[in-house]
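Chemist: take a look and give me a structure for this.
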Amino acid sequence: MTDLPNRPSTLGASVRPEDEPADRTSVGTLLGDISKDLTTLLRQEIDLAKAEARQSAIRAGSGIGMFGGAAVAGLLFLVFLSVAGWWALGGVIGRGWSGLVVAGIWAVVAVILALVGRAQLKKINGLPETTETVKKIPPALKGQERTGDTTTGSQRIEEHR
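Modeler: The predicted structure follows:
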């Protein structure tokens, strides 16, 4: 046999605690690191979302400004078109009467737009499902009511689209 002074055999031997590296961290430390990393990740994602939302808001604001400019230009077009119509009719029926005719045409347009807008507003039914589910919250918290409805809010939103 060979003489190996104080050398343990590694075949089939388990690792002893004194052979483990000294820099091993505890489970608590690992969980703390994971928590810290997740917090950092969430903060970075929130910052990214804020930056994207800010950029989208800037673009939307620019687009809204352009629509505002287009509305002003369209209004000026209608004013000058009305003046031109007034002058054109003025040669035929007189300036006073032509002014009344143009004003009458605009009054009819205003009434039609008001009636259509009113009809559109009457079609709005608010938030019926939200109101219904909010009414169910207090009894549900008390355990008095159990509903068989398993559809989620997002599923209901998709149904309305």
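
Chemist: going by C-alpha atoms from here, please, whenever you check contacts or count neighbours.
Modeler: Fine.

Chemist: so in the chain, which helix runs the longest?
Modeler: helix 27-93 (DSSP state H).

Chemist: would you mind measuring from the one residue sitting closest to the centre of the chain to residue 42?
Modeler: The centroid of the chain falls nearest to residue 53 when counting by C-alpha atoms, centre = their mean (9.5 Å). Separation of residue 53 from residue 42 (C-alpha to C-alpha, to the nearest Å) stands at 16 Å.

Chemist: repeat that for residue 110.
Modeler: According to C-alpha to C-alpha, residue 110 stands 52 Å off from residue 42.

Chemist: could you do residue 72 as well?
Modeler: From residue 72 to residue 42 the distance is 44 Å (C-alpha to C-alpha).

Chemist: also residue 33?
Modeler: For residue 33 relative to residue 42 (C-alpha to C-alpha), the value is 14 Å.

Chemist: is residue 118 within a helix or a strand, and which one?
Modeler: If you go by DSSP states H and E, residue 118 is part of helix 95-122.

Chemist: how about that helix: buried residues?
Modeler: Of the residues in helix 95-122, 98, 99, 101, 102 count as buried by neighbour count, 16 or more other C-alpha atoms under 10 Å.

Chemist: adding distance to residue 121, write those residues out as CSV.
Modeler: Formatted as CSV, the buried residues of helix 95-122 follow (distance: C-alpha to C-alpha, whole Å):
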residue, distance to residue 121
98, 35
99, 33
101, 30
102, 29
